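S.K.: Just the structure for this:
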Amino acid sequence: MSFLRISWLVLLLAGSLQAASRPNIIVIMSDDMGYSDIGCYGSEVATPTLDRLAAGGLRFTQFYNTGRCCPTRASLMTGLYPHQAGIGHMMNDRGHPGYRGDLNNRCVTIAQVLGTAGYRCYMSGKWHITKTTRPKNEDGKHNWPRQRGFDRFYGTIHGAGSFFDPNSLTRDNTLIAPEDPDSYYYTDAISDNAAQFITDHDSDKPFFMYVAYTAAHWPMHAKPADIAKYKGRYDKGWDVLRDERLARMRKMGVLDRSWPLSPNVQDWSDARNKPWQRVRMEVYAAMIDSMDQG
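M.R.: Down below sits the predicted model:
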């Protein structure tokens, strides 16, 4: 695990939980994606859906996370510092209250709170805030999504794995296998199930939808058609590409024109195995593109 970015999107329609007309709430999270990897922040990757949402909504201009997967998710779900929720690092118990690798019993999730306010709560995607991915009995699922306030769940309990055969794939409280192994792609499945939850929703109640993609986390897996869209796009190497992106960000007003480009990257001329590096960037772009299509 390295960095995880919340993909800036929290759609809140006007109103409060106490208001007669309560808002539906959708939170979308992307995994390991840099903030400038979507078009509205200067990326060369095609993200028209997210760009439209950004144009008509709210964008962060300053934001911090923990730089780690599980702690960020623990904070997002509970509103606490990760150590307060029991997940100060990853999913291993280090023997201290702040490092249990599991949500503790002194916190509640946003789904648990919204549920008491009459919301239906749905989740599609990556959970990764419990170390128990294959419990021996039902008690071991105490920190699974359904036990933490979500009425319906489709996704993975564990943090990473194949996009074509995800490990710990689960529907509600039951471990499952991909529905159609020959055509299955996890990013698409996350999108499809999120859309289905909303389609099935009883419109008399407000809903909270948490969509947690694993894209663009390793492994670098994307569909051939999406990869083909970026064939040759990264042949110039990251030195030129970073300069081009910086210019776009300055023109868009994302960055102050006086801010220099970070030097902490190896020169493209010194990079080993350039063909592999080019393909890796193409696949990474395709993973983000696929997420936007959802």
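S.K.: check contacts around residue 240.
M.R.: residue 268 (CB atoms under 8 Å, 6 or more residues apart in numbering). The C-beta positions use only the backbone N, C-alpha and C, and glycine is treated the same way.
S.K.: so which helix or strand takes in it?
M.R.: helix 238-252 (DSSP states H and E).
S.K.: What are the buried residues along that helix?
M.R.: Buried positions in helix 238-252, judged by neighbour count with 16 or more other CB atoms under 10 Å: 238, 241, 245, 246, 248, 249.
S.K.: Can you list the residue ranges for helices in the stretch 151-294 of the chain?
M.R.: Assigned by DSSP state H, counting those that start in this stretch, the helices in the stretch 151-294 of the chain fall at 186-200, 224-228, 238-252, 274-293.
S.K.: Go through those and name the closest to residue 174.
M.R.: Each of the helices of the stretch 151-294 of the chain was scored for nearness to residue 174 using CB to CB, and the closest is helix 186-200 (14.0 Å).
S.K.: Which residues outside the closest one are in contact with it?
M.R.: 122, 124-125, 152, 154-156, 162-164, 166, 178-179, 207, 209, 211-215, 287, 290-291, 293-294.
S.K.: hmm, which of the residues you listed are the buried ones?
M.R.: 122, 124-125, 152, 154-156, 163, 166, 178, 207, 209, 211-215, 287, 290-291, 294.
S.K.: re the thing from before, I'd like to know which of the helices of the stretch 151-294 of the chain is closest to residue 47.
M.R.: Nearest of the helices of the stretch 151-294 of the chain (CB to CB): helix 274-293, 4.2 Å.
S.K.: related to what we said a few turns ago, tell me which of the buried ones among the contacts of helix 186-200 fall in strands.
M.R.: Among the buried ones among the contacts of helix 186-200, the members found in strands (DSSP state E) are 122, 124, 125, 152, 154, 155, 156, 207, 209, 211, 212.
S.K.: Leaving out chain neighbours, which residue sits closest to the third one?
M.R.: Read that as residue 125. Spatial nearest neighbour of residue 125, chain neighbours left out: residue 212 (3.3 Å); criterion: CB to CB, 6 or more residues apart in numbering.
S.K.: residues contacting the one you found?
M.R.: 28, 29, 31, 73, 123, 124, 125, 126, 127, 155, 190.
S.K.: Please tell me how far it sits from residue 167.
M.R.: Using CB to CB, to the nearest Å, we find residue 212 at a distance of 16 Å from residue 167.
S.K.: again with residue 185
M.R.: 15 Å.
S.K.: Compare the two (neighbour count), which wins?
M.R.: residue 185 (18 against 14; other CB atoms under 10 Å).
S.K.: contacting residues for the more buried one?
M.R.: For residue 185, counting by CB under 8 Å, 6+ apart, the contacting residues are 163, 164, 221, 223, 290.
S.K.: please redo it, this time with the cut-off set to 10 Å
M.R.: 163, 164, 178, 191, 215, 221, 222, 223, 226, 287, 290 (CB atoms under 10 Å, 6 or more residues apart in numbering).
S.K.: just checking, the fifth one touches residue 223?
M.R.: No - applying CB atoms under 10 Å, one finds residue 215 not in contact with residue 223, separated by 11.4 Å.
S.K.: Overlap in contacts, the two.
M.R.: 163, 185, 187, 286, 287, 289, 290.
S.K.: Tell me which two of those sit farthest apart.
M.R.: Farthest pair in these, by CB to CB: 163 and 289, 13.6 Å.
S.K.: overlap in contacts of these two?
M.R.: 187, 215, 222, 223.
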